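Asker: Sequence first, then the predicted structure, then my questions.
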Amino acid sequence: MPVERWSPAQVTAVAPDAGSLKSARGVAARAKWQELGRHDDVLWGLCKGSGKNPYQVCVDLASPAYKCSCPSRKFPCKHALGLLLMWAEGTAADPSTTPPAFVTQWQASRTARATAAATKADRPADPEAARKRARQRQERVAAGMAELGRWLDDQIQQGLAHAERSGRAPYQTMAARLVDAQAPGAAAAVRRLGDVAGIGPQWADRLLGELAMLRLLVAGHERLDTLPPATAATVRARIGFPIATEDVLATPPVADRWQVLGQTDSDDGTIVTRRTWLRGVESGRFALQLSFAAPGQALAADLVPGTSFDGDLCFYPGAAPLRALVKERRSAPQPLAAPSGAVEVRAALPGWADILAAEPWRFDAPLLLADVTPSADGFLTGSDGAALPLAAGHREPWWLLAAAGGSPATVAAEWTPMGLRPLAAWVAGRFLPAAPPAPAGTPRRSPELPPALLAAALVGTARKPFTATTVEVGDRTITLGTGCSLLEAAATALVYRRAGTTPSTLHPAVPAAPAETEPPLPPAAGARLLLLLTDGGAPGGAQQAQELLAQWLDAAARHGGHVPPEALPALLDAGRRNSVVRADIGRVAGERGRWLAAQRPEWQWLRAEAPGTAVAEDPEIWTTGTGGERLAHLTRLRTTDPAAALSLLRSTWASETSENRARFISALHTGLSLADDEFLEAALDDRRKEVREAAVELLRELPGSRLAQRMTARALAAVSRERRTLGRDRLTVNPPTELTADLRRDGVAAQPARGTGVQAWLLEEVVAGTDLSAWTPALGRDPAAVISLSHGTDWEGALLHGWAKAAITQANPHWAAALVHHDSREKAPSLREAVRWDLHLLLPPADLARIAADFLRREDHLAHRLLAVHPGAWPDELAVAVIDTIAHRARTDRHSWQLAELCRAAATAMPPAYATPVAALATRLDQDSADPSRIRPVADLARILTFRHEMLQEFK
């Protein structure tokens, strides 16, 4: 059967860690590869690296297996992963290309090893030697299990209270003895006891339960010859007897259409385990495939969750056979829109009881639940009201709430005595893997064993012998056999309690989310967002990813529509961390986002940002809406009827909270006019500082406001033009001498800037609040000449900063241009950094681009700052100047960090259309054998520009 093209999910699954996958995305670009090809089932390529020769990369798609000439110790390495990513995304790998020698040699060596292994396996084994080895192991295991039985009895005789003081040492010693006895399964169970004794709530109950199940295992081993074969196989597997793969594959296979329900990975520090659950469509059987790898190595990824295939599975022998191997696959995996066999909550639990009755040591089993919805308190509730608790770390399933919106969904999960561990869900025909468990601290846990047993175990049977013939489990009395020990009674009670789990009926499902009122964003754009929200999904570092997300959100807000619901949890978290993107998130989160945010305190910011679905004519929104809906309503009304909006705000102003007053007054910026002057003047006396500051900001932007008139009168009283017969005219300045109550009310801050005297500071603040149009008639000069008059005076710095701040507030490009020109003169007092860069933002983009390009050509260090403040897309002149500068620095600069800084600045500001010339530059540098540290930032720039270009095209 030919190998099918892998999906991106399969490639992700074989990555040894997130860092390798992130690095792989950096090499998954055609420009990084000199050659690509496919020979039979082997992908191959030559990837440009840091050395002279390219890396030779091979991937056997059938096994899978990997080979790369790079020095990485991870398998697959980033180059093999990058090759797989390109293949999964459709990048051509021409099967007709003649493979290089390293490909055919690798194939030949693998074939030779496989043949040698098969030949060795076909050699007749020495049956007598095999029987001897088996007999020796059985003797060792028997001795070890007998010693374990005595050790368990000692623990109960001494009492569990003694275990709290002993620490891990006794368990490590016993586990080592069992390892020597070749009983690794039992050894691992004993070793885990060291993490239970004396640790966490209900530790004694947990410890007694684990000791009881070990005692049951010892009893099973003692009766191994008399047990039914299936039960005996289960006992042997729990002890740790190995079963050869060929023996499993020799058992009768189960042919079916197998649905891959979900997958979980766990890492104990020494080995990584992947558990993949399947279910047969016809047989109704669940199956578990286990795969193992050392940390940093790839796990098997041949089974893709959310797909199904026709094939044969062979099950390991046991009383409740679940673990299986795939013997043969007769079809390629197909997407699974909805799994068959899902049942209601009540109907699912009997299957768990049957499994536990057959294999009492089992701690988990698969469930496929139909029509379940999360509750507000950590349960999954069925349509009939029956509910099962979610395990610690899964009690807030935001991924499921976001995707399903409170509607019933099909959920695959592992059921454990600690609750459900979700694996995946199907919502409206879409497969959704469960989110990883969240750190949850110490899980809540109720005792599982009867108090009488626990009390006796804590004291110890040496002090108080156990003679009970019955045990109480809930409201049931269980009769024990004659001479039953305390551990045997505990095992009976524990298994009975776990098997008898019943669902609760006191956990109603969350109310469903309201329907969306806008269409979804284009599917490709939604997929891009999910990629941006995935760690390592976007090119560049974390800072670049944040900027790319901001640009995506800006484009999405302008396009209109709502994001894919499964993206909402990560998106709301991004808004929680970065307030800059909140407004755009509010516009694209949709009704589902607002519904979800209302259920978590950390996401409540969305209710203040989201505009809601209200229209300006809706009279009820102002009294019933959320803060975000009321603000959006007021803003929309200001665009059509500013006077009505002001009247509406006046009507509730006295009863508004201080937070709302500060937010609502800013809405008056829309449609601002002298009709708002009286209201804003009164707001200068508000008790909330933020309200006063917002009012001052608006009044300073409002020409003709009373505040501007007062400031103009003060400024013209302090600054006048002295006409001179000889020499040029100059300014006479008499600044205010003290901060009066009137100045403070008009927004003059009491704290001067560092290094500025009080009078200079007061002069600067008064000039900053003055209408700039007043200076030309008062002094009889244009802006450039007025600024020139200040040159040489003692108050030049204060005047320049005052005019600059006024130009910024009043958005006056003429004054800004004059001030920038004056600031560039020699011997002119330099403006403070923050003021200077804000002035640049007022310049026409073309002017600012010419300045930045000129600075680049002169190699002025300020060029990078000018690039950073340039608003919007760069004009062609600036983009070309930056590319020329990058090319020059890549060949001549002594310090590569300067080149990297320039490339980072260009990555999110240069027009994406320049990706092609930048990629061509990176290729030329590579051909010229430039330093790899200089090629890398240029190649990264090309990747980010390509990413941005594709991202913006997806909205069209």
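Answerer: That came in fine, so what should we check first? Keep in mind it's a predicted model, so treat the numbers as computed, not measured.

Asker: Who are the contact partners of residue 186?
Answerer: Residues counted as contacts of residue 186 (C-beta atoms under 8 Å, 6 or more residues apart in numbering) are 144, 145, 148, 178, 214, 217, 238, 239, 240. (Each C-beta comes from the backbone N, C-alpha and C, glycine too.)

Asker: any idea which helix or strand carries it?
Answerer: Using DSSP states H and E, residue 186 maps to helix 184-193.

Asker: With residue 399 instead?
Answerer: Here residue 399 is assigned to helix 398-404, by DSSP H and E.

Asker: Just checking, which helix or strand succeeds the helix holding residue 186 along the chain?
Answerer: Counting by DSSP H and E, what follows helix 184-193 is helix 203-222.

Asker: Distance from the chain centre to that following helix, please.
Answerer: 40 Å (C-alpha atoms, centre = their mean, to the nearest Å).

Asker: and if you look at stretch 635-647?
Answerer: Distance, stretch centre to chain centre, for stretch 635-647: 40 Å (C-alpha atoms, centre = their mean).

Asker: Could you give the average pLDDT over that stretch?
Answerer: Regarding stretch 635-647, the rounded mean pLDDT is 89.

Asker: which ones are touching residue 302?
Answerer: 64, 326.

Asker: can you tell me how far residue 76 sits from residue 303?
Answerer: Residue 76 sits 18 Å away from residue 303, taking C-beta to C-beta, to the nearest Å as the criterion.

Asker: and these two? which has more neighbours close in?
Answerer: Each of residue 76 and residue 303 has its neighbours counted (other C-beta atoms under 10 Å); residue 76 has more, 26 against 21.

Asker: Could you report the separation of that one from residue 64?
Answerer: The value you get for residue 76 to residue 64, if C-beta to C-beta is used, is 8 Å.

Asker: Name the residues contacting each of the two.
Answerer: 14, 298.

Asker: quick check: longest strand of this protein.
Answerer: Ranked by residue count and defined by DSSP state E, the top strand of the chain is strand 254-267.

Asker: hang on, the earlier thing: mind checking which of the contacts of residue 186 land in strands?
Answerer: Short answer: the contacts of residue 186 have none in strands (DSSP E).

Asker: Is it possible to get a markdown table of these that adds neighbour count and distance to residue 662?
Answerer: Below are the contacts of residue 186 laid out as a markdown table (neighbours: other C-beta atoms under 10 Å; distance: C-beta to C-beta, whole Å):
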| residue | neighbour count | distance to residue 662 |
| --- | --- | --- |
| 144 | 23 | 73 |
| 145 | 23 | 73 |
| 148 | 26 | 70 |
| 178 | 26 | 68 |
| 214 | 25 | 64 |
| 217 | 25 | 67 |
| 238 | 23 | 65 |
| 239 | 25 | 69 |
| 240 | 19 | 67 |
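
Asker: So what would you say the end-to-end distance of stretch 389-401 is?
Answerer: By C-alpha to C-alpha, to the nearest Å, the extent of stretch 389-401 from end to end equals 16 Å.

Asker: got the contact list for it?
Answerer: With C-beta under 8 Å, 6+ apart, stretch 389-401 has contacts from 374, 378-380, 409, 411, 416, 418-422, 425, 432, 434-435, 437-441, 443-444, 504, 510, 566, 568-569, 596, 599-600.

Asker: Helices of the stretch 401-550 of the chain, residue ranges please.
Answerer: 451-459, 486-499, 523-532, 542-559 (DSSP state H, counting those that start in this stretch).

Asker: can you put these in JSON lines and add mean pLDDT?
Answerer: Formatted as JSON lines, these follow (pLDDT from 0 to 100):
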{"stretch": "helix 451-459", "mean pLDDT": "91"}
{"stretch": "helix 486-499", "mean pLDDT": "93"}
{"stretch": "helix 523-532", "mean pLDDT": "92"}
{"stretch": "helix 542-559", "mean pLDDT": "91"}
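
Asker: Give me the below-cutoff pLDDT ranges for the stretch 551-700 of the chain.
Answerer: Under the criterion pLDDT under 70, the flagged ranges of the stretch 551-700 of the chain are 610-619.

Asker: Residue 97 and residue 42, how far apart?
Answerer: From residue 97 to residue 42 the distance is 12 Å (C-beta to C-beta).

Asker: Residue 53: neighbour count?
Answerer: Number of residues near residue 53 (other C-beta under 10 Å) recorded here: 9.

Asker: you'd agree it is in a helix?
Answerer: No. Counting by DSSP: H, G, I helix; E, B strand; the rest coil, residue 53 is located in no helix; its state is coil.

Asker: separation between it and residue 76?
Answerer: Residue 53 is 20 Å from residue 76, by C-beta to C-beta.

Asker: Ok, residue 60 next?
Answerer: Taking C-beta to C-beta, one finds residue 60 at 11 Å from residue 76.

Asker: for residue 34, same thing?
Answerer: According to C-beta to C-beta, residue 34 and residue 76 sit 19 Å apart.

Asker: ok, residue 818 touching residue 789?
Answerer: No. Taking contacts as C-beta atoms under 8 Å, residue 818 lies outside contact range of residue 789: 12.0 Å.

Asker: buried set for the strand or helix carrying residue 681?
Answerer: Taking DSSP H and E as the definition, one finds residue 681 inside helix 677-683. Neighbour-count burial for helix 677-683, counted by 16 or more other C-beta atoms under 10 Å, picks out 677, 679, 680, 683.

Asker: Make TSV from these and add distance to residue 203 to it.
Answerer: Shown next, in TSV, are the buried residues of helix 677-683 (distance: C-beta to C-beta, whole Å):
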residue	distance to residue 203
677	70
679	65
680	65
683	61
